[in-house]
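Novice: Just the structure for this:
(chains A and B)
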Protein chains: 2
Amino acid sequence: MSQQDMTTAPDLKSWVESANAADSEFPIQNLPYGVFSTKNGAPRVGVAIGDSILDLAVLAGEGVLQCKPDVFARASLNDFIAEGPATWRSVREQVSALLSASDQTLQGNAALRATSLVPQSEAAMLLPVEIPGYTDFYSSKEHATNVGSLFRDPKNALLPNWSEIPIGYNGRASSVIVSGTPVRRPNGQIKLPDQERPVFGACRKLDIELETGFIVGVPNALGDPIPCEEAEKHIFGMVLLNDWSARDFQAWEYVPLGPFNAKTFATTISPWVVTMDALAPFRTTQPKQDPQPLAYLQHAGDHAFDIQLEALIKPQNAAEPTTIARTNFKYMYWTMAQQLAHHTVSGCNTRVGDLMGSGTISGPTPDSLGSLLEMTFNGREPVTLKTGEKRAFIEDGDELTLRGWCQGNGYRVGFGPCTGVILPAHPAK
Amino acid sequence: MSQQDMTTAPDLKSWVESANAADSEFPIQNLPYGVFSTKNGAPRVGVAIGDSILDLAVLAGEGVLQCKPDVFARASLNDFIAEGPATWRSVREQVSALLSASDQTLQGNAALRATSLVPQSEAAMLLPVEIPGYTDFYSSKEHATNVGSLFRDPKNALLPNWSEIPIGYNGRASSVIVSGTPVRRPNGQIKLPDQERPVFGACRKLDIELETGFIVGVPNALGDPIPCEEAEKHIFGMVLLNDWSARDFQAWEYVPLGPFNAKTFATTISPWVVTMDALAPFRTTQPKQDPQPLAYLQHAGDHAFDIQLEALIKPQNAAEPTTIARTNFKYMYWTMAQQLAHHTVSGCNTRVGDLMGSGTISGPTPDSLGSLLEMTFNGREPVTLKTGEKRAFIEDGDELTLRGWCQGNGYRVGFGPCTGVILPAHPAK
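Specialist: Here you go, the predicted model:
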């Protein structure tokens, strides 16, 4: 589709001038969906364009946008997503046309522009999707190797099942929050090496996990697996995802049933969902898989995406953040299609809005690691920030931000920041 | 409350005669909630009484039952549950009065009886609760010891964290189904000891896990833990739960992030939710905990419940089932209150309708084991059924049933069967 898709043509320009800046994350080629509210307005669906938001509820209400009535006058994208790929495509093409420099429908209607184009600075972004289920994978070979080495055995860091299975686990959907929501440092059990019994208290090894996530758009019924070759058609779009992790809780609790309290206190996603149409021009080849996966995990063609990723940390009183990681989604060993095929091969059903995290995205170099656990060797070698401060793990007041974008020819398709400030723990009783 | 609660008085009788039989699971002391539909009726909320269902939507519509309008004309209990404990109590008392042998409101109104009392044989039971999140615990000491011995090391079967943490993991809410729904044998990866790589195919070690579950009735906000002493007040009621498990998939996939495809294909719950009010007379002392739990897991008083449990298996053409396990919920080491306190101590939020599984309930004797894995020593010593057939694990066409009840003085408070028939796997590609 990317070859003929006029909505991603590099030379397309918008009459919304801020969208045409080379460093805008929201050019007319992007058109990501989000849910926002304003001082006087209920939550509704919008599309980011430059420094503004196009209010799709207003446009649909005015009959300028042809779609099922009221599907955008909602506090989540779910009803729109449930309409299916033909509707996604139709709305994208209509929005692209309405925002195009060559179109006068909206550009030439000052009254409609005034009600339908909202400055992002006047909007509060809400969780874009009501998430029925959240699954997190573990699909970066570099990350799995690094963690295996730190938590278990450096000589056998990568477990035998890892190269055969896109390993994943069920996460906690209730605590998925939108970028900008503060994160309270969790209390929990910590097993110190010099004490026989665990202590209860605030997490001492609070960490990020730099991830992306995808949103299921076309569900499957219980008992009906999604074939790997078909799996991408079930994906609506992608988000940035920070899988906050309490490493000290995790090390003590995770055997044998996996991480629980170490992860369930918060997971932050970006406010904007970037569609697969917008990402199509950035499709690239995934790493070679050895051994060749079992038949149900095979798919022809390119299924990786070239998404540049960064993690930044800003202490409470710092003037500017320090970038602590630069990596890329294209390094992931298992693809999103393989993840979804594996998730459903048992017959497990998915639902519209299900969130599937990639797992921490670590690259091959020391500056491309997606967690402090890896960067600091479990806290032994702290990183130094621009302010001169050191960080083994996250401290109270620190603001953590993930960024991600695809670099096009003269434009970039971005997600907007995925951020959270750490609040001090409640007193531990 | 149980001392003064007239709704659980042992000598209370109903004018619905079938409810007064000593072996009825639905006497007037029970009054469990479920969701049902009939040939000509949309899904709605009802209460089981003897061999019938009292249609609360009809009674509320007629003004006989005082409650928020339409809260029972729903396809799930969630809106009713969200009304909170005072409403649960009020509706229970009203329903108890309406069904009491001494009351004429309904007993003396043939027309209203005809529309509001539905034979269970004419109703289809639906999933009673819309489940935003499903968590499964691992709280039977006997089960954890048996599984640790079979999957890991008999000498160190119980891991060090088990005695400190009510270990749990996130399950898959989408595939929680109501009793009576057939279960398709899943396909997945199996690692055979004599082959280097896994094979893909139908599960060869399909198993049950005999559990109960509780339904969260009063949620907590993100960042606000539920104290252990308060936790039971957040519980609406209990169900039976069969955590179907593919043991061969599980053994290969579960390190390091826990069970996934081994469990996500189906979890069956009973159609009736038995309230904490109905269970109150069966409260008893939990097993002594050694070491004494950390402070956040401490609660005074009795927090176990004496619920007798059975698992039965019936091959496709067998005349009658064979009981393969008899156990009791009172054997559980960690209480529901401790599970909920631990789940939320990190700040994790819960939502109305969240399902929390107990974990497999195994007792201290060989006939009280809650899974075939344990009964057959991972298939090495099959059990013999009444028909003479042997079972190492579940075969296609087998019907598995869980039953559970509290034995009162002349009455029993039951859950109704929690059952599922196994369909053959789809051909593995």
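
Novice: I'd like to know the average pLDDT value across stretch A:190-209.
Specialist: Averaging pLDDT along stretch A:190-209 yields 97.

Novice: how long is that stretch end to end?
Specialist: One end of stretch A:190-209 sits 20 Å from the other (CA to CA, to the nearest Å).

Novice: Mind checking if that stretch is in reach of chain B?
Specialist: Yes: interface with chain B: stretch A:190-209 contributes A:Lys191, A:Arg197, A:Pro198, A:Phe200 (CB under 8 Å from any CB of the partner chain). Backbone N, C-alpha and C define where each C-beta goes, glycine included.

Novice: Which among those count as buried?
Specialist: A:Lys191, A:Pro198, A:Phe200 (16 or more other CB atoms under 10 Å in any protein chain shown).

Novice: Of these, which belong to strands?
Specialist: A:Phe200 (DSSP state E).

Novice: and of the buried ones among the residues of stretch A:190-209 next to chain B, the nearest to B:Gly148?
Specialist: A:Lys191 (18.1 Å; CB to CB).

Novice: check contacts around the residue of the stretch 151-300 of chain A found nearest chain B.
Specialist: Closest to chain B within the stretch 151-300 of chain A is A:Gly258: 2.7 Å, counting by CB to the nearest CB. Contact analysis of A:Gly258 by CB atoms under 8 Å, 6 or more residues apart in numbering or on different chains lists A:Tyr169, B:Tyr169, B:Tyr254, B:Pro256, B:Leu257, B:Gly258, B:Pro259.

Novice: which of the residues you listed lies closest to A:Gly420?
Specialist: For those, the minimum distance to A:Gly420 (CB to CB) is 21.8 Å, reached by A:Tyr169.

Novice: is it true that the closest one touches B:Leu257?
Specialist: Yes: counting by CB atoms under 8 Å, A:Tyr169 touches B:Leu257, with 4.0 Å between them.

Novice: Please identify the residues of the stretch 1-150 of chain A in proximity to chain B?
Specialist: Counting by CB under 8 Å from any CB, the stretch 1-150 of chain A sits next to chain B at A:Pro132, A:Gly133, A:Tyr138, A:Gly148.

Novice: Okay, domains of chain A per the record?
Specialist: Structural domains assigned to chain A are A:3-126, A:134-423, following automatic domain parsing.

Novice: thinking again about what came up before, just put the contacts of A:Gly258 in JSON lines and tack on distance to B:Arg44.
Specialist: Supplementary listing: the contacts of A:Gly258 in JSON lines, determined by distance: CB to CB, whole Å:
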{"residue": "A:Tyr169", "distance to B:Arg44": "37"}
{"residue": "B:Tyr169", "distance to B:Arg44": "34"}
{"residue": "B:Tyr254", "distance to B:Arg44": "41"}
{"residue": "B:Pro256", "distance to B:Arg44": "45"}
{"residue": "B:Leu257", "distance to B:Arg44": "40"}
{"residue": "B:Gly258", "distance to B:Arg44": "38"}
{"residue": "B:Pro259", "distance to B:Arg44": "36"}
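
Novice: Turn those into CSV, columns for secondary structure.
Specialist: Shown next, in CSV, are the contacts of A:Gly258 (DSSP: H, G, I helix; E, B strand; the rest coil):
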residue, secondary structure
A:Tyr169, strand
B:Tyr169, strand
B:Tyr254, coil
B:Pro256, coil
B:Leu257, coil
B:Gly258, coil
B:Pro259, coil
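
Novice: Run through the neighbouring helices and strands of the helix or strand of chain A with the lowest mean pLDDT.
Specialist: Within chain A, no helix or strand scores below helix A:141-151, which has a mean of 92 by mean pLDDT, DSSP states H and E. In terms of contact count using 3 or more CB pairs under 8 Å, 6 or more residues apart in numbering or on different chains; DSSP states H and E, helix A:141-151 is assigned the packing partners helix A:372-375.

Novice: Dump the helix it packs on to PDB, keeping only the CA atoms.
Specialist: The C-alpha trace of helix A:372-375 is given here as PDB (Å, rounded to 0.1, in the frame of the first residue of the first chain):
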ATOM      1  CA  LEU A 372      18.700   1.300  33.700                       C
ATOM      2  CA  LEU A 373      19.100  -2.200  34.900                       C
ATOM      3  CA  GLU A 374      21.100  -2.900  31.800                       C
ATOM      4  CA  MET A 375      22.800   0.500  31.500                       C
END
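
Novice: for the residue of the stretch 1-150 of chain A found nearest chain B, what are its contacts?
Specialist: Here the residue of the stretch 1-150 of chain A nearest chain B is A:Gly133; by CB to the nearest CB that distance is 5.3 Å. Taking CB under 8 Å, 6+ apart as the criterion, A:Gly133 is in contact with A:Asn170, A:Ala173, A:Thr350, A:Arg351, A:Asp354, A:Leu355, B:Arg172, B:Ala173, B:Ser174.

Novice: Show me which of these is closest to A:Ala337.
Specialist: Using CB to CB, the shortest approach to A:Ala337 within the contacts of A:Gly133 belongs to A:Thr350, at 13.4 Å.

Novice: For A:Asp277, list the residues it contacts.
Specialist: A:Met1, A:Asp5, A:Thr7, A:Thr8, A:Trp88, A:Arg89, A:Arg92.

Novice: tally of neighbours for the nearest residue to A:Cys348 once chain neighbours are set aside?
Specialist: Closest residue to A:Cys348 apart from its sequence neighbours, by CB to CB, 6 or more residues apart in numbering or on different chains: B:Thr264 at 4.1 Å. The number of residues packed near B:Thr264 is 27, by other CB atoms under 10 Å in any protein chain shown.

Novice: Likewise for A:Leu126?
Specialist: Neighbour count for A:Leu126, taken as other CB under 10 Å: 18.

Novice: That one reaches A:Phe36, doesn't it?
Specialist: Yes: using CB under 8 Å, A:Leu126 is in contact with A:Phe36, at 6.5 Å.

Novice: any idea how far the closest residue to A:Pro10 other than its chain neighbours lies from A:Asp11?
Specialist: Spatial nearest neighbour of A:Pro10, excluding adjacent residues (CB to CB, 6+ apart): A:Asn409 at 4.5 Å. Separation of A:Asn409 from A:Asp11 (CB to CB, to the nearest Å): 9 Å.

Novice: and what of A:Ala295?
Specialist: Separation of A:Ala295 from A:Asp11 (CB to CB) stands at 42 Å.

Novice: so how far is stretch A:253-263 off the chain centroid?
Specialist: 22 Å (CA atoms, centre = their mean, to the nearest Å).

Novice: State the mean pLDDT of it.
Specialist: Here the average pLDDT along stretch A:253-263 is 96.
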